[in-house]
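Peer 1: I would like to see how this sequence folds:
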Amino acid sequence: MSDSTTNTRTTSLFSYLSLIIAAAAAYSMSTLFSAMKPILLTRFVEQVSFAESLAGLIVATPFVGIALSALIVKPVTRHLSTFAVFLCFGGLLVLAEAVSAYVFHTPIAVLTAQLVAGLSVGILMGATSQLIAVTEKPDEIFGVVDMTAVLLMSFMVAGLGNAVGRGGLFAGYWVAAGIALLFAILLFAYRRPNDEVPAERAAKPMEFSVKNVAVVTMGVLFVTCSGLGFAFMFTLAQNLQMSYETAGSQIGILLLVSAGACLLGGWCSAKFGPIRPLGCAFITCAVGWYMAVHASEPIVFIAALVPAIFSLQFNFPILLAFSGSLDNTGQWAAVATPLLTSGFAWAAIVAGLVVETWGLEAIATATGIGMLGCLGLLGVVVRTKTKD
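Peer 2: Residues are numbered from 1 along each chain as shown. Predicted coordinates for the structure are as follows:
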């Protein structure tokens, strides 16, 4: 009996392996943008003498494209096969990054190319999320996929930093195009047993309800508010007399280790359901950032970043799986994934406005208010679930 169960689980893992590889590639395309953001932001100002606001807009544009993809991912996945989606939008991403290497000095051209890149990634993430949502183990798969993307981001930061340092923006965008090409190739590792079933399911209309909208809104609000402090981590570190090198190495290690929280989040969601883990992480996130922002010693600051950073990585796969559970077709997961991911862009924008208006310490207050909002939406979800 035990051997039979083990064999079944092993077979199940192997059957999901191709999907995990493809989805990890799609998700890593979005973390490629995250890896590029701080490097290119500085380089645009130095190399092309763009204003900081314009440089910030350029590096945020891919995330805007990811958000906009939520509007078209449903018709795209309904009318195109998985192979066609991977081929068309994987190719568009590579082309957009390559074109950016030649037009980076022309604002409207590079903004257009980066918008196309973001739209392409958003559709690829949405399409793979839809496939994960209809499996038997969406929580665990989302956890593994998210963990892989976070781990790869650390290596992409190093590679892109070296490329931009040696060859400027031209080299940076060409390296990005090469990385995107590798991920686009990995998409085709996926093998679907029956290519017709998901297309038929996707043709069904999406059901809008208070619960469904509350879950997705809660996810976007959490990703946005939990990321407010990320934009000013180095500013906080410098205020505590930490050097760039010291802060960078310690924060880098935390980000790398935090990838394990993705896997833990997926496991907790499968074991306990999404409600309790989400609620605990909302509170932990608020406390972590409050302590980090008000820390008076470097060791307290780094220690406070542990719950602050880990709560984001922990909750992300739970929110994705929760969105996927809203229907049996995976359409809500397809729409929610790019919306949740776009929260990383809104976080940087909102954080800048908060600090400019109320000062650096207001980051802690804004994060706390955001987490209260998340808890309120979680309460709405619980009440509607009870009524159902």
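Peer 1: quick one: contacts for the most centrally placed residue in the chain?
Peer 2: Closest residue to the average C-alpha location of the chain: Thr341 at 4.1 Å, with CA atoms, centre = their mean. Thr341 is in contact with Ser30, Phe63, Ile66, Ala67, Gly122, Met125, Val223, counting by CB atoms under 8 Å, 6 or more residues apart in numbering. Backbone N, C-alpha and C define where each C-beta goes, glycine included.
Peer 1: are any of those residues buried, and if so which?
Peer 2: In the contacts of Thr341, burial by neighbour count holds for Ser30, Phe63, Ile66, Ala67, Gly122, Met125, Val223, counting by 16 or more other CB atoms under 10 Å.
Peer 1: isn't the fifth one right up against Val73?
Peer 2: Yes. Taking CB atoms under 8 Å as the definition, Gly122 is a contact partner of Val73 at 6.8 Å.
Peer 1: between those two, which contacts overlap?
Peer 2: Between them, Gly122 and Val73 share the contacting residues Pro338, judged by CB under 8 Å, 6+ apart.
Peer 1: could I get the phi/psi values of Ile72?
Peer 2: phi -120, psi 0 (degrees, to the nearest 10).
Peer 1: for it, which non-adjacent residue is closest in space?
Peer 2: Residue nearest to Ile72 in three dimensions, not counting chain neighbours: Ile123, with 7.1 Å by CB to CB, 6 or more residues apart in numbering.
Peer 1: Gly90 is in contact with that neighbour, correct?
Peer 2: No. Between Ile123 and Gly90 there is no contact under CB under 8 Å: 9.8 Å.
Peer 1: that older thread, distance-wise, check the residue nearest to the centre of the chain relative to Ala237.
Peer 2: 26 Å (CB to CB, to the nearest Å).
Peer 1: what sits against Leu372?
Peer 2: Counted by CB under 8 Å, 6+ apart, Leu372 has contacts Ala286.
Peer 1: switch the cut-off to 10 Å
Peer 2: Cys225, Phe282, Ile283, Ala286 (CB atoms under 10 Å, 6 or more residues apart in numbering).
Peer 1: farthest-separated two in the residues you listed?
Peer 2: Of all pairs drawn from the contacts of Leu372, the greatest distance, 12.9 Å, lies between Cys225 and Ile283 (CB to CB).
Peer 1: now do the shared contacts for those two.
Peer 2: Gly368, Met371, Leu372, Cys374.
Peer 1: which among these gets closest to Val306?
Peer 2: Met371 (16.7 Å).
Peer 1: so where does Ala117 fall, helix or strand?
Peer 2: Applying DSSP states H and E as the criterion places Ala117 in helix 107-133.
Peer 1: give the next helix or strand downstream of that helix.
Peer 2: Next along the chain after helix 107-133, taking DSSP H and E as the criterion, comes helix 138-187.
Peer 1: check contacts around Tyr102.
Peer 2: Tyr102 touches Ala109, Val110, Ala113, Phe170, Tyr173, Trp174, counting by CB under 10 Å, 6+ apart.
Peer 1: what do you get if the cut-off is 8 Å, keeping everything else the same?
Peer 2: Taking CB under 8 Å, 6+ apart as the test, what Tyr102 contacts is Phe170.
Peer 1: what does the pLDDT read for it?
Peer 2: For Tyr102, the model assigns a pLDDT of 96.
Peer 1: helix or strand: which one has it?
Peer 2: Short version: Tyr102 belongs to helix 82-103, going by DSSP H and E.
Peer 1: any idea how many residues pack against Leu353?
Peer 2: The local packing of Leu353 (other CB atoms under 10 Å) involves 11 other residues.
Peer 1: top of the shared contacts of Cys225 and Ile283 by number of neighbours, please.
Peer 2: Among the shared contacts of Cys225 and Ile283, Cys374 has the most neighbours (other CB under 10 Å), with 27 neighbours.
Peer 1: if I read this right, that residue contacts Thr224, doesn't it?
Peer 2: No. Here Cys374 lies out of contact with Thr224, judged by CB under 8 Å, at a distance of 10.0 Å.
Peer 1: what sits against Ser311?
Peer 2: Contacts of Ser311 by CB under 8 Å, 6+ apart are Ser226, Ala261, Ala281, Phe282, Thr284, Cys285, Gly288.
Peer 1: also Gly273?
Peer 2: Applying CB under 8 Å, 6+ apart, no residues qualify as near Gly273.
Peer 1: dihedrals phi and psi, it?
Peer 2: The phi/psi pair for Gly273 (degrees, to the nearest 10) is phi 90, psi 170.
Peer 1: that one and Gly260, how far apart?
Peer 2: Gly273 is 21 Å from Gly260, by CB to CB.
Peer 1: let me see the mean pLDDT of stretch 374-388.
Peer 2: 85.
Peer 1: mind listing what's buried in that stretch?
Peer 2: Cys374, Leu377, Leu378, Val380, Val381.
Peer 1: and stretch 294-302, by the same measure?
Peer 2: Ala295, Phe301, Ile302.
Peer 1: start to end distance for that stretch?
Peer 2: 12 Å (CA to CA, to the nearest Å).
Peer 1: pretty sure Ser34 sits against Phe344.
Peer 2: Yes. Using CB under 8 Å, Ser34 is in contact with Phe344, at 6.5 Å.
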